[in-house]
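> Need the 3D shape of this:
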Amino acid sequence: MIVILPMRTGGEDDSFMKFWAWDKENLPSITHSIRTAVAATVSVIIAGLVHTPEAYWAAIATLVVMQSTLGATLTLSIERIIATAVGASVGALEANFFGANLVAFALAIFLVGLLSIAFRLEKTAYRYASVTLTIIVLIPRSAAPWMIALHRFIEVSVGIIVALAVVAVWPEHRRLSVSSTAE
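A predicted model of the protein is given here:
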């Protein structure tokens, strides 16, 4: 059986082609995979040591922001921390005063969008803030909403700080490509 894959035509944004054609520079390296595994594991350990109830969120936050360079990780980290603070704050208010009321939930998601605009956060940060709000509001728990929000913020912050520390202390060195060595 012969399979013919579509050809790239250049200027169009073809999501299907991204699946079949990738940039060799964007593939994970062994070093990046090891750093990411170490960082995620350390995040869970630290979150457990400070007795957060859902330490796995620290690992998830680490995985979300872990990049190859410190600059890329720092940029995403700042946005993620701000987004988590916004989502946790609005989520705690909404859960405290309205519970899991779906109309209040929808309005809270809208409010997070307005706050994202006011803080000049990108759509990705708005998504993070909305996810945080959703976790706080829609997952039933016995603790007070403010405690849930605080724990969530701490768990995410631990994960982000660990990712930043690992990337700063253990930078990933890029191999020179054949074209750059020939210049």
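> And the host helix or strand of residue 39, what's buried?
Assessed by DSSP states H and E, residue 39 sits inside helix 30-49. For helix 30-49, the neighbour count (16 or more other C-beta atoms under 10 Å) marks 35, 36, 39, 40, 42, 43, 44, 46, 47 as buried. Backbone N, C-alpha and C define where each C-beta goes, glycine included.
> got it, and stretch 123-134?
Residues of stretch 123-134 classed as buried: 125, 126, 128, 129, 130, 132, 133, 134 (neighbour count, 16+ other C-beta under 10 Å).
> In contact with residue 58, which residues?
43, 44, 46, 47, 52, 155, 156, 158, 159, 162 (C-beta atoms under 8 Å, 6 or more residues apart in numbering).
> Now for the residue nearest to residue 39 when sequence neighbours are not counted: which residues touch it?
Spatial nearest neighbour of residue 39, excluding adjacent residues (C-beta to C-beta, 6 or more residues apart in numbering): residue 166 at 4.1 Å. Shown in contact with residue 166 (C-beta under 8 Å, 6+ apart): 35, 38, 39, 42, 66.
> for residue 130, same thing?
87, 109, 112, 113.
> contacting residues for the residue nearest to the third one when sequence neighbours are not counted?
Think residue 112. Computed as C-beta to C-beta, 6+ apart, the closest residue to residue 112 that is not its neighbour in sequence is residue 129, at 4.8 Å. Residue 129 is in contact with 83, 84, 86, 87, 90, 112, 115, 116, 121, counting by C-beta under 8 Å, 6+ apart.
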